[in-house]
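Student: Here's a sequence, model it:
(4 chains)
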Amino acid sequence: MTGTDVQFAICGSAGDGTIAAGDILKRTMAAMGYKVIAFDIYPAEIRGFGKCISRVRVSIEQAYSLKRRSDVFLSLNDAHAIPHVGEVRDFGAVVYDDAPIATIPEGAHISAHIRPAQLPYGASFRQISDKVTGNARARNLVALGYLAGLYGMPRDAFHKTIGRKFATKAASVTQVNVRAFDAGYDAGASVFKLDDVVMAPPPVGADGSRAQMMTGNGATVRGLLDADIDCFFGYPITPATSIMERLATDLPKRGGRMLQTEDEISAIAATIGAGYAGARAATATSGPGLALMTEMMGLGVIAEVPSVTIVSQRGGPSTGLPTKTEQSDLNLAVYGGSGDAQRIVLAPTNVEGCYRCAGIAFELAEKFQTPVIVLIDLYLSNRYETVIPPEVKPFAPKAIPDAAGRSSGPFKRFAFTDDGLSPRAIPGQNGGVHTITGLEHNELGRPADQADNHQRMSRKRHDKLLAATRHPGLTVAKRFGRTGKVDVGILGWGSTFGEILEAMYAAEREGISCSAMKVVMLSPLPVHLIEPFFDDCRIVLVPELNHEGQLAHLVSGTLGRPVVRLDRVTGAPMEVDTILAEIRRLALGPAAGNAA
Amino acid sequence: MNEPLKPVYLDEKLVEIRADGHQDYRSKALPTWCPGCGYFSMAEGFTQSLKRLGREPEDVVVVSGIGCASRFPFFINAYGFHTLHGRTLPVATGVKQANDALTVVAVGGDGDAFAIGGGHIPHAARRNVDITYMVFDNGIYGLTKGQTSPTSVLGFTTPTTPYANGDEPLNPLMMLLAAKASWVGQAYAGNPHHLTDMMAEAIAHRGFSYLHILSPCVTFDKTTRTYKNLGMMVRDLPADHDRRNLMAAMAEATKVDRPALGVFYEEERPTLADVMDGIAERARKGIAAE
Amino acid sequence: MNERPIRMADDLRSSRSESSADVLYSEDPRDVGWVQRNIPCQTACPAGTNIPAYIWAIADGDHGRAYEINREANVLPGVLGRICSRPCESKCRHGWPGNGEPVSICSLKRSAADLKHAGHRITESLYTPSGKRVAIVGAGPAGVAAAHDLSMLGHDVTIFEREREPGGMLRYGIPEFRLPRDTLKIELHNALRLGVELKTGVSIGNGPGEMPLSRLRADYDAVLIATGCAAAIDLPLDGDELGEKIQRVGNAEYGFDFLLAMHRGEPKKVGKRVAVVGAGFTALDCARVARRLGGEEVTIHIRTGEEYIPVTKEEIHEAKREDIRFLGLRTPVDLITDEKGDLKAVRFVQNRLGGWRDNGRRKAVPIPGSEFEIECDTLLIAIGQRTVHDFLDTPLKLDRWDNASVDASGATSLEGVFAAGDYVAGASTVIESIGHARKVAAGIDRWLMGRTRRVRAVKTTPIAGPRRERSFDFIPRQHMPVTDISHRCSRGNQEVESGYDESLTAKEAKRCYLCNLAYQIDPDNCIFCRACIDVAPKNCIKMVDGVDIRPDGSYGALQETNEWNRVGAIWIDNNECIRCGACFEVCPTRCISIVRKEFVTLDV
Amino acid sequence: MSAGLHYVVIGAGSAGHGAVTTLRARDPAARITLVTMSRLPFYNRFDLPRYFRGTTDWRNLLAVAPQIYDELAITLRRNSRVDEIDGRARTLTFSHKEVVGYDKLLVCTGGGGHLPEVLVEYKSLMHGFATFEDATRVARALPAKGRVILLGGDMIGLDLARTLIDTGHRVTLVAGEFTFWPHRIDAAKRAELLAALSRAGVDVVTGRTPVAIEAAAKPARRVIFEDDSAIAGDVVMPFFGSMPLVDFMLGAGVDMERGILVDPRLKSSNESIWAAGDVCQIWSDELKEYRFLHGWKNVRLMGELAARNMTGAAEEFDVTADFAIGIDASGHVQSDFWEQ
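Tutor: So this is what the prediction gives:
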């Protein structure tokens, strides 16, 4: 990391505008040409009491994860912020409101908890907001303006972002927010700042004009759109809702259709119905929704209907931790449902990966005639990274099955073939008329419960998917760092891989011989790439955000090789230091401890 | 417009306020609804009506689904069950089946009731389970931050209906009347006294009682279903309305632009428990259905 | 609620938009207690001026009405608007911690007087002549205020004044740069023109050409003595308890005599180095006059410290700007003279601070052996004034401070003789004198008529909606424009403070929180949704369990709670409330009402 | 409070810092809170002229490492202004409305720059020199070889003047009654010292009283005198001695004149409140007067002595000592006040 690398953390109560302030900050920084990675934590409550934290890391080079220690910490609610003051580094800044509404007991104000080596900055955000807007609700903008003023960031870059953010509202809304921002800016700029946090301008030539601040969800939407989807059906659920909301806005513009159905059961049903009818159709949900959908997912497998389901995981089981991240739906995605219902599961590791996986999922779904799940998680859904979208759509256009010209006999929708892929037809096509069902069926699609048939059909549905691991244009697994024999290998998936990379590089700098591999395709598993990695590593560590070591079990069980598990279910992303400590321990230790 | 109010010694009420006792039906925790939310009115009405009916907290079970309204049991001092989205009525039916002596109240919002849970309503109604179903209808999804609900008005613009809602809103009263709910009433969050009267009557009714409560969402709907708009729209049922006349109730229920407050329909017929008792009785006597 | 079928007397405040049907009058202690606790400025005012009402009128642009509201309590608003000691402002809710600075109540009073319409007419409701005659001795603030009230009540009043012009200390004590004489003249005239006979140049006393008190008692039904404090308190020096040395030294003088002589028209001079001893308005006046008379090095010597002296901060600041220096912790103990007998220096002893005195000020304790000297050319002593009684031919009973001893109605030990103002209280402020004189006037009326004719009650008026906007709370206290420092000494009589113009007045008037408005929530209609708490700018709306009841039946502290099952009501704490109206606007069930509560005088 | 008494020390300068270290040494179980309005941990004000000699990183000015407060278990409350003290309830209220209780309180808030009333309205056109921030602002406003106009010229100002002459800047001193404050000197000595300053390169202006300050183009400031004459410079800095910062003590029920009045043991009239440093006036039985004692050494010793007395000692501070000022062998002004 060279030059500017500053992580801001904004902490407040839901309703304080914490997330909104972080949003404006990161969009502005990206537009200026910085690389940004950001993540928001917010509660299940609507307003009033829950804690929100927006962390924004601004750097010259793209970072892989958020820093454990923020450089600048802004409190919009001291009760929530006090437990987090410790995350600010020495000589980092703690910014807070110094005019509470009523007297408070000792220790209730954040300034009581600032460490001697941290730098306190207080300003009366509430009063300033009250003064310039008539109420205290714009105090988040005042505080953001204060940060911008304090660190000398360009005022007009923020104005542009604010203008865009409130473009759909009345002009007065933008004006009020700009006024609040400016009042805060003036206050911040007039403060004497010490030079411990420096926001050096982005390098000359850094062009933010094409860079976009995208969340995993945003990139997923962009991927779906670039794959030219026709239909989307959804039902609101955290943290997937924003995919649907964005599509609600953007999809109709391209002649596509977004429908909010009455439930997930209905959403996946409609998606499969549309897929059957030849459309590129998708739905998006989270673990609980996926659980509801598994019955319908089984129908998709057995009836060999293409569909794409985006699943953003959150803490579970059941309603669990709706606003916390976790990687515990791997088993549900890979195995969930009644019967043997293998489907394709992709797990991107960063925001750009979300884009690629969402798009390429349709190629796979259509080619292999099966449901495809893109498995992300809340941390990836909601975390922002700077992305430069490709200028040309990188995905293959929709494969229209052509059943026309088939001369004689009934259409064998499920004909046995060498690669297991049967001819397909869609309603409206001449000569392809057939019936599909959720019952086990024969080549024609008619119900058939003979033992031999079920055996053959089960193998067909399984074996046809193996070729997916070599699908062109898709990175199903990739090794990072040192090549050849290493002491410690780290195998990871999904959002956690950013932290794994940072930890791996840190360990390498400490002289530990190590290497990392990301597994993007979880089902079917790309054994041909993972096996050589195991051969090169003395010991393999699998860090993941679930309690049961779901990937560890999957890989270990598939390959029959031992791994060391590192499981965390705190609701928060895994910390780089945690992984690094484990790498150190393994590098020192003689052999695997708790092999799966 | 606010009219001047007659000055009174409100302080006197403050002195005696604790003697009221309806606070005993509240939990200790403060509701987390947004300030100004109409659901506060319902919590207030509910505790007042339990007090009025003399039901002991331990004899009351409140069952809910998912949503802002379904937070309700958390703020009530009674047995509560916060179940899954839309699955309120099956759970409540199970509770009532297990113990007829309980006062069982199912609560939910309009999304929980008429979207995911819509399939359950007709069945709970026609079986005449002796429970009270109170739907807090603010015409929006509050907990997921402002999407349309089945009762959102035509043209309502939300994140999921950026080009305006084109789905005809559902008429819950018609739906419930059609499903043969044996007590159907309507109240309004901005009229807390009437709301309390309605709740008390609904809970006292023997059979499946459905109370529809109109409320604004002060956070995500600042344009359509506001206190101001609702306040101007609502009216009383005509003084001569015959609550035994289903057609008259239907006729009043169709007047959606001027929602009426009061009891639309009421009938007495065997409850699910009665039917179960009847089946049990016939079974004991060895009478098989033909 | 104690309602009486009574007619309104001098209630000038009913506004056109309010229906009189909803207005209630009450003497209930809950109402009386509410007004006393919630309108701190009015409670602090010795004359009980209805401050929120007059500032409200100013905010409405009706300066004339504001002036009349002032006149109800104090017949000299234009005068007090300039020189009042402002006990109200230190109590102003706007000055409470976290709220900013107090409203410039006094300056607004002046604005009402200065800015009222040129054609403004004074409103007085007169009683039928009673046939009773009252003599008043002394045309100072107390005498004039009592004369005004008594003549309004239908009595024939005659004032006897020793000096050539009425006004007392206002005319002969306060320098013109603080109080222009035109203003004084007009307001005195207004106060006395209801038929009061003013006899100036007439001394009451036993000497030749003087009018004896016994004559007055014979000729009038009642006599009121309001001669104030007519002599300076002697400065005791070491070995010279009565400070007789001061009389012998050429250039040392009592400030009281100095100012009196100057205002009588005698030419006065000071040297280059002027030392003033004392800590009140008179001391500051002496120092500032000395600067204007050519004093170059003017110092004020005080026994304690600047923080403890009974003078407004503004006055101290202006004095310092005029290059007057304050020197603390010292008491003069001797005068050093040259061979001609002229003052050369003052010897002081260093003090330390002692305990607190009953009046809230500090004791000063001299430190033995710590004497030092300050050279000066003129010494002015202004350590206070005292009453004199040698003009009486029949002795009165005096209290232990040698002031007239009176009962609550102002009656002295002599039948039919009353006393008011500084003559009773010792040296106090103008507003205290006026406040006391009006009480005594009521006492005289009761004595003359044999019954109580007027009572104080609380009037409660429903108000349609908030009168303020939140933005008003952020208007800063407006600075009083003052004349340029460089011109002050050359134009000695020019008024230093030039008064707010229309725009400053309007701004300052908006700042008033209108504490006379009571915001109340009806718990019967409240759904406890806390929308009001959400918009409240302060910690002013609370969830409460109940309320304390004071022994007098009024309500005391709120018992707050955060436990939902204990919340009996959501309640507006009128002590914290700044009457912004935000809660009123947001309440979904319209359970918040606003009423105005204020003291009025009613006929009985 | 199980840890014992709670000592609160307001003001984290030499006195406050000396006090808390002494308190900790004498009472290991106590809770100790050190309050300062500064954003930085403890640094010596008298080091600030070093800024002009190239010490622009504030960390190099810190007198101790910030971690020392953790090691000594002292709660350091920075950026915190005390609004009010209730001497009876023994609580203090910060401007951010937090209420903190104490058992024993030491006030060592020091002095703020005194400004004659006539110049108050021109405050925004002058540069102070009390904090690191002030030093930075002066340095930014002062071009190379630029001219500084010192008004008054107390010993703090003259210390800065010495540095500025060395660093190639030009210095004009408008001398008056506060020149050489807090030294008490007679007219003859004054003339002699002023002459020494002139020799050292300071342009000395005497006998003219400044009455106004104006912003100008280049250089940026003009000082106007009573007689309408004027001089020009890049920055104008007032050095009229210091006045105690005690506004927040007004409601505390503590005796005050200009500063907090204390006995020779540095205890105020309130049983639980002590004061040390420039903020207090100490009674001297010998001199029969309340005296201010300025100077770094005094201030630190006072902080330590107050801390000892707060923890049970009964020592008296020597109030009679005076600083010497004179001219050294090389003809330069030399003062005890400058010794650190």
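Student: Just to be sure, B:F81 is in a helix?
Tutor: No - counting by DSSP: H, G, I helix; E, B strand; the rest coil, B:F81 is not part of a helix but strand.
Student: and it, what are its bridge partners?
Tutor: B:V63 (DSSP bridges).
Student: One more: A:F232?
Tutor: A:M258, A:A282.
Student: doesn't A:M258 make contact with it?
Tutor: Yes - assessed by C-beta atoms under 8 Å, A:F232 is found in contact with A:M258 at 4.6 Å. Every C-beta, even on glycine, is put in place using the N, C-alpha and C of the backbone.
Student: element containing the closest residue to chain D within chain C?
Tutor: As assessed by C-beta to the nearest C-beta, chain D sits closest to C:S370 within chain C, at 3.3 Å. Assigned by DSSP states H and E, C:S370 belongs to strand C:362-375.
Student: Keeping just the C-alphas, turn the next helix or strand after that strand into CSV.
Tutor: Moving toward the C-terminus from strand C:362-375, the next helix or strand (DSSP H and E) is strand C:378-381. Taking Å, rounded to 0.1, in the frame of the first residue of the first chain, the C-alpha atoms of strand C:378-381 are listed here in CSV:
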residue,chain,number,x,y,z
THR,C,378,-9.6,63.8,43.8
LEU,C,379,-11.3,61.3,45.9
LEU,C,380,-15.0,60.5,45.5
ILE,C,381,-16.7,58.3,48.0
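Student: Can you classify residue 8 as helix, strand or coil?
Tutor: I'll assume chain A. Applying three-state DSSP: A:F8 is strand.
Student: try again with chain D
Tutor: Classified using three-state DSSP, D:V8 is strand.
Student: do you know how far the nearest residue to it once chain neighbours are set aside is from chain B?
Tutor: In space, not counting the residues next to it along the chain, D:V8 is nearest to D:Y102; the distance is 4.0 Å by C-beta to C-beta, 6 or more residues apart in numbering or on different chains. Using C-beta to the nearest C-beta, to the nearest Å, D:Y102 is found at 33 Å from chain B.
Student: number of nearby residues for D:Y102?
Tutor: Residues near D:Y102, counting by other C-beta atoms under 10 Å in any protein chain shown, number 21.
Student: Spit out the contact partners of it.
Tutor: D:H6, D:Y7, D:V8, D:T33, D:R90, D:T91, D:L92, D:S272 (C-beta atoms under 8 Å, 6 or more residues apart in numbering or on different chains).
Student: Just checking: what are the partner strands of the strand holding C:S370?
Tutor: strand C:343-356 (antiparallel).
Student: Go through the strand it pairs with and flag the buried ones.
Tutor: C:L343, C:K344, C:A345, C:V346, C:R347, C:F348, C:V349, C:Q350, C:N351, C:R352, C:L353 (16 or more other C-beta atoms under 10 Å in any protein chain shown).
Student: For burial, what's the neighbour tally of the closest residue in space to D:D103 that isn't next to it in sequence?
Tutor: Counting by C-beta to C-beta, 6+ apart, the nearest residue to D:D103 once its immediate chain neighbours are dropped is D:L5, at 4.3 Å. Burial of D:L5 is recorded as 16 neighbouring residues (other C-beta under 10 Å).
Student: so which strand or helix has the closest residue to chain C within the stretch 301-450 of chain A?
Tutor: Closest contact between the stretch 301-450 of chain A and chain C, by C-beta to the nearest C-beta, is at A:T323 (22.7 Å). Assigned by DSSP H and E, A:T323 belongs to no helix or strand.
Student: Give the bridge partners for the most centrally placed residue in chain D, please.
Tutor: When C-alpha atoms, centre = their mean is applied to chain D, the residue found nearest the centroid is D:G111 (4.7 Å). Judged by DSSP bridges, the bridge partners of D:G111 are D:P244.
Student: Tell me how the chain divides into domains.
Tutor: Picking chain A for this. Chain A breaks down into these domains under automatic domain parsing: A:5-209, A:213-387, A:477-588.
Student: nope, chain D
Tutor: D:6-112+D:243-310, D:115-240.
Student: how about the ones you listed, which one is nearest A:M214?
Tutor: domain D:6-112+D:243-310 (37.2 Å; C-beta to C-beta).
Student: Span of that closest one from start to end?
Tutor: 11 Å (C-alpha to C-alpha, to the nearest Å).
Student: from the middle of its chain, how far away would that domain be?
Tutor: 12 Å (C-alpha atoms, centre = their mean, to the nearest Å).
Student: and that domain, average pLDDT?
Tutor: Here domain D:6-112+D:243-310 scores 92 as its mean pLDDT.
Student: ok, the most centrally placed residue in chain A to A:R246 distance?
Tutor: Centrality entry for chain A: nearest residue to the mean C-alpha point is A:L380, 2.0 Å, by C-alpha atoms, centre = their mean. For A:L380, the distance to A:R246 equals 16 Å [C-beta to C-beta, to the nearest Å].
Student: just the strands in the stretch 101-250 of chain B please.
Tutor: Residue ranges of the strands in the stretch 101-250 of chain B, as given by DSSP state E, counting those that start in this stretch, are B:103-109, B:132-137, B:140-141, B:147-148, B:183-188, B:209-214, B:235-236.
Student: what do you get for the stretch 51-200 of chain A?
Tutor: So, for the stretch 51-200 of chain A - with DSSP E, counting those that start in this stretch - the strands run A:51-59, A:70-75, A:88-97, A:104-105, A:119-123.
Student: Out of those strands, which is closest to B:R243?
Tutor: For B:R243, the closest of the strands of the stretch 51-200 of chain A is strand A:51-59, at 48.6 Å, according to C-beta to C-beta.
Student: How about residue 434, nearest residue that isn't a chain neighbour?
Tutor: Picking chain A for this. A:R413 (4.1 Å).
Student: looking at chain C here, not the other one
Tutor: Nearest one to C:I434, counting by C-beta to C-beta, 6+ apart, is C:A145 at 4.4 Å.
Student: thought the one you found was touching C:N74?
Tutor: Yes - judged on C-beta under 8 Å, C:A145 makes contact with C:N74 at a distance of 7.4 Å.
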